[in-house]
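# 3D, please:
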Amino acid sequence: MSPASARRPALIALRRLCGSLSLSLLLGLGLHGPAAAQSGSDEQFVAARDAFRAGDLNRLDRLAADLKDHELWPYIEYFKLRAQLEKDKSEANIQAPLADFLARQDRYYLGEKLRGDWLRILAKQQRWSDFEAEFPKILQPEQDLACYALQARLARKDAKALDDALPLFKTLLDVPEPCGPVLDALVSGQRVNSDDVWGRIRRQFEANKLGSAWNSAQYLPVNQTPERKQWDQVTDKPLPFLLKLSGNLSSQRLSRELALLAVQRVAKNDPAMAAQRLDQIDGQLPPADRAWAWGQVGWQGAQRHYAEAVEWYRRGGDLPTLSDEAQAWKVRAGLRAQDWHLVKHAVEGMSPTQAADPSWTYWLGRAYKAAGRADLANPLFERIAGQPNFYGNLAEEELGRPIKLPPTARPPSKEELARVGDNLSIRRALALFRTNLRFEGTKEWSWALRGMDDRELLAAAEIARRSNIFDRAIAAADRTKNEHDYSLRYLSPFDEQIRPVARQQQLDDAWVYGLMRQESRFITNAKSSVGASGLMQLMPATARWVAKKIGLKDYDHGQVNNTDTNVLLGTSYMRMVMESLDNHPVLASAAYNAGPGRAQKWRAARPLEGAIYAETIPFTETRDYVKKVMSNSVYYASLFNNGRPQSLKSRLGVVTPKGSGGENQPKPEDLP
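Model (predicted):
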C-alpha cells in the first residue's frame, strides 16, 4: 500500500467532517489561513494539473485515482474531459459525460470554461447548428466565441449579422483568427468602403499594429492597394519616403494616404521633423486629412511635453478626426501649457462616452472655474464628487469638502459568512489558493463575485482577509456600491513589520501603504512579468544596489520575498528616491514605477500642480499608478488617524521646475 493510499481513509473522514461544518465555524475555530486546511493530496492535485498541461494523460489517470474525494475533484473531471474532447472531438463516447458535467457545473466557472472549449471545437468543425444550440448558455463569451457566433449567423444567412458585426471593423485592431472571416464578410458584403479601410489602417498605425494594418490594406480597391515595397518604405524609412514625394497629393489617394502614414511614423520618433515635413504638404491635404495629421504630430509632441504641441494641435482645426488617445493628449497639452481655453475646447470636442470619464469631467470643471463660471463647474464636480478615486477626491475638495471615509457598514454576521462561505466557487477558490494555484484561484474568486450584493461582497472580503488572501479581500471590498468597509478596501496587513520601518525611514506610512497596495496587493511572493518581487515589487538589480547602500551583509536575492527584508529594502529605496526628488511624494511615486531619471525629466519649465504633473505623465501605466497611489494614501491616512478628514490637494502640492536634494543627497540619475 502506498503512503498516499494508507492515509486516504483518514483524509476522507476529515473531509466529511469539514464538509459538515460551515466555513464561518471553521474560521471561528481558528482554522484561518491558506495553510490551515492543507491535506496530503493537495500535492497530488497539483501534479495532476501539471500532467494535464504536459499532455501526460496516463499520469493524469494514475493520479486521479486517489483524488476522487478531493474538494477540487471537478477540476480533475475537467482535465480529463478536456483532454478527451481534444482527442475524440465528435466521438459519441464523450457526449454523455460532457453533458453530465455541463449540467452539474452549469453557471459555475468550470462549466463556463468547458462549454467554451466545446464551442471552439464545434466552431472549428463548422457544426454551426450544434454551436448555436449551446452558445446561448455561455455567460461571458470571449471575443473569439463572439466572432464564431457571428460566423454561425452568417452561415445561416442571418440578415442582421453584418449589422451586428460592423462595429468590429472599427474597434478590433488585432484580429483573432475566428474574427477574420467576419471582417472578410463585411468587405465582400460591401458594408465598408475604402474610407472605412483607410480609417482602420490609421487606427492600427496609432496603436503600432503594423502587421495588422498591412492585412487591412488588402481590403482596399486595387487602385489604392500599396505595393509591399512602398509599404515597407513607409513603415521602416518614413522620412526618406517623405523627402522623395512628388506630384500633387490632392488627386492621388494612395500617395496621400501613404504620406500621412509616413508623417505619423516620423512623429513617433521626432515630432518636430514630422511637423516640418507636414508643413511642406499641408496645402495638398483635404481638411479632414490635415486635421488627422496635425493631430498625430500634436499627440506625439504632447507626450514629449513639447511647448509646440499646442500650436500643432491648433493647426489641425476642430474636425472630429482624432482617436480618443490623441484627443486626451490634446487636453494634456493644454494642461501642461496652463491654457484653460484649450482644455475646455478639447474636452468639449470629445465623444460623450470619453467626456464622461471622471478625469475629463474634472478638468472641464476646472476649465470652467478658471473662466469664472462656477455655475458650470460645480455641477460637474458634484457629478463625480465622492467617488473613491483620484478625481472624485479632487472634485470633493473643489466643492470645499475634505475627503472623509464613508460610514462603516456593520460587520458580516455569522449567517452571512456561512452563506457566502458555502458558495461553491468561494470554496473552490480558497482551495486553489491553498494549493498555491493563484491564477486558477483568482479566476474562481472573480467568478464567485458576479452578482453579489454589498452584504455578500463584505462577507467574501472578510473570508479572504481571515484566510490571508489580501488581494482578493480588497477585490471584493472594492466592488461595494452603498455599504462600505474601508478597513477591508484599504487593508493594512503586516502592520507591526511595516509601519515602524516606515517611521525609521522618516516616510509617511500612509504613502508607503498606498504604494504597496498598488504594487502587490500585499501578496508576499508576488512576481511581475519583468521580475520584480515581493510586497514592494523590487527588481533584482535595485534590491542588490539598495542592500549594498544600506550595508545589508550577505544579501542574496532569494531573501527578497522575506517580508522584513523586502520592506527594509523597499522603504530604504523610497527614502532615497524622496530625497533625490525634493521630498515630493508625486515625483517619488512616479520614480518608483518608472525610474527616478524619468520622473525628473517629466518636470516642467515652470511650477505645475501635482495633479497636472500626474495627468501629463507620458506612460499610461505610470500615470494610472501615481494617481492610485496618491488617492490610496489619503484613505490610509484617514484610517490611521481615526477617520480624520484628509486633503489630496495638499499631498499633491506643486511640482517645482527643477529639484535638488541638496549637495549631500543622491541625484535622480544616480539611482537605479
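
# run the chain-centre distance for stretch 63-71.
Offset of stretch 63-71 from its chain centre (C-alpha atoms, centre = their mean, to the nearest Å): 36 Å.

# pLDDT on that stretch, on average?
The average pLDDT within stretch 63-71 is 94.

# how long is it end to end?
15 Å (C-alpha to C-alpha, to the nearest Å).

# tell me what the longest helix anywhere in the chain is packed against?
Taking DSSP state H as the criterion, the chain has its longest helix at helix 620-640. Packing partners of helix 620-640 (3 or more C-beta pairs under 8 Å, 6 or more residues apart in numbering; DSSP states H and E): helix 390-398, helix 486-489, helix 509-520, helix 585-594, helix 610-615, helix 648-652. (C-beta placed from N, C-alpha, C; glycine too.)

# switch to 10 Å and redo it
Packing partners of helix 620-640 (3 or more C-beta pairs under 10 Å, 6 or more residues apart in numbering; DSSP states H and E): helix 324-337, helix 390-398, helix 486-489, helix 509-520, helix 585-594, helix 596-601, helix 610-615, helix 648-652.

# what's the angle from it to helix 509-520?
If you take axes from the mean of the first three to the mean of the last three C-alpha atoms, to 10 degrees, helix 620-640 sits at 140 degrees to helix 509-520.

# how far out from the middle of the chain is helix 620-640?
Helix 620-640 sits 16 Å away from the centroid of its parent chain (C-alpha atoms, centre = their mean).

# and it, what's buried?
Going by neighbour count (16 or more other C-beta atoms under 10 Å), the buried part of helix 620-640 is 622-623, 625-640.

# that one vs helix 390-398, what angle?
50 degrees.

# keeping just the C-alphas, turn helix 620-640 into PDB.
Presented in PDB, the C-alpha positions along helix 620-640 are these (Å, rounded to 0.1, in the frame of the first residue of the first chain):
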ATOM      1  CA  THR A 620      -0.100  55.200 -19.200                       C
ATOM      2  CA  GLU A 621       0.800  52.600 -16.600                       C
ATOM      3  CA  THR A 622       2.800  55.200 -14.500                       C
ATOM      4  CA  ARG A 623       0.200  57.800 -14.900                       C
ATOM      5  CA  ASP A 624      -2.500  55.500 -13.600                       C
ATOM      6  CA  TYR A 625      -0.200  54.200 -10.900                       C
ATOM      7  CA  VAL A 626       0.700  57.600  -9.500                       C
ATOM      8  CA  LYS A 627      -2.900  58.700  -9.300                       C
ATOM      9  CA  LYS A 628      -3.900  55.500  -7.500                       C
ATOM     10  CA  VAL A 629      -1.000  55.600  -5.000                       C
ATOM     11  CA  MET A 630      -1.800  59.200  -4.100                       C
ATOM     12  CA  SER A 631      -5.500  58.500  -3.700                       C
ATOM     13  CA  ASN A 632      -4.800  55.400  -1.700                       C
ATOM     14  CA  SER A 633      -2.600  57.300   0.700                       C
ATOM     15  CA  VAL A 634      -5.400  59.700   1.500                       C
ATOM     16  CA  TYR A 635      -7.600  56.800   2.700                       C
ATOM     17  CA  TYR A 636      -4.800  55.200   4.600                       C
ATOM     18  CA  ALA A 637      -4.100  58.500   6.300                       C
ATOM     19  CA  SER A 638      -7.700  58.700   7.400                       C
ATOM     20  CA  LEU A 639      -7.800  55.100   8.600                       C
ATOM     21  CA  PHE A 640      -4.500  55.600  10.600                       C
END
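
# now it: mean pLDDT?
Helix 620-640 comes out at a mean pLDDT of 98.

# tell me the angle that helix makes with helix 585-594.
130 degrees.

# which regions of the stretch 551-672 of the chain lie under the pLDDT threshold?
659-666 (pLDDT under 70).

# what's the answer for the stretch 51-200 of the chain, then?
In the stretch 51-200 of the chain, residues with pLDDT under 70: 89-93.

# please redo it, this time with the cut-off set to 90
The stretch 51-200 of the chain contains residues with pLDDT under 90 at 85-96, 159.

# now do residue 256 against residue 294, distance only.
15 Å (C-beta to C-beta, to the nearest Å).

# pick out whichever of the two has more residues nearby.
Neighbour count, other C-beta atoms under 10 Å: between residue 256 and residue 294, residue 294 has more, with 27 against 21.

# ok, and the closest non-adjacent residue to the more buried one?
residue 316 (3.3 Å; C-beta to C-beta, 6 or more residues apart in numbering).

# surely the one you found meets residue 296?
Yes: Residue 316 lies in contact with residue 296 (C-beta atoms under 10 Å); the separation is 8.8 Å.

# and residue 155, what does it touch?
Taking C-beta atoms under 10 Å, 6 or more residues apart in numbering, we find residue 155 in contact with 126, 128, 129, 131, 132, 161, 181.

# likewise residue 110?
Counting by C-beta under 10 Å, 6+ apart, residue 110 makes contact with 72, 74-75, 77-78, 81, 101-102, 104, 424-425, 428, 440, 443-444, 447.

# torsion angles phi and psi at it?
phi -70, psi -40 (degrees, to the nearest 10).

# distance of it relative to residue 149?
Per C-beta to C-beta, residue 110 is found 22 Å from residue 149.

# residue 645 now?
Counting by C-beta to C-beta, the gap from residue 645 to residue 149 is 51 Å.

# tell me the pLDDT at residue 28?
pLDDT recorded at residue 28 is 45.

# cool, and the one 5 residues further on?
Among the per-residue scores, residue 33 shows a pLDDT of 44.

# got the CA positions of stretch 459-470 in CSV?
The C-alpha coordinates for stretch 459-470 follow below in CSV (Å, rounded to 0.1, in the frame of the first residue of the first chain):
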residue,chain,number,x,y,z
ALA,A,459,-18.6,38.7,3.8
ALA,A,460,-16.4,37.5,0.9
ALA,A,461,-13.9,40.2,1.7
GLU,A,462,-13.8,39.2,5.4
ILE,A,463,-13.4,35.5,4.5
ALA,A,464,-10.5,36.3,2.3
ARG,A,465,-8.9,38.5,4.9
ARG,A,466,-9.2,35.8,7.5
SER,A,467,-7.6,33.4,5.0
ASN,A,468,-4.7,35.9,4.5
ILE,A,469,-5.6,36.3,0.8
PHE,A,470,-5.4,40.0,1.0
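
# and the helices and strands packed on helix 620-640 as CSV, adding distance to residue 670 and mean neighbour count?
Output for these, formatted as CSV (distance: least, C-beta to C-beta, whole Å; neighbours: other C-beta atoms under 10 Å):
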stretch, distance to residue 670, mean neighbour count
helix 324-337, 27, 22
helix 390-398, 30, 24
helix 486-489, 37, 21
helix 509-520, 21, 25
helix 585-594, 12, 26
helix 596-601, 8, 20
helix 610-615, 22, 23
helix 648-652, 26, 20
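
# so which of those helices is nearest residue 578?
Among those, helix 585-594 comes nearest to residue 578, with 4.6 Å by C-beta to C-beta.

# which other helices and strands contact that closest one?
Short answer (3+ C-beta pairs under 10 Å, 6+ apart): helix 585-594 packs on helix 509-520, helix 563-580, helix 596-601, helix 610-615, helix 620-640, helix 648-652, strand 654-655.

# what's the angle from the first one to helix 563-580?
If I follow you right, that is helix 509-520. Using the same axes, to 10 degrees, helix 509-520 lies at 110 degrees relative to helix 563-580.

# so the longest helix of the chain versus helix 324-337, what angle?
Using the same axes, to 10 degrees: helix 620-640 against helix 324-337 is 60 degrees.
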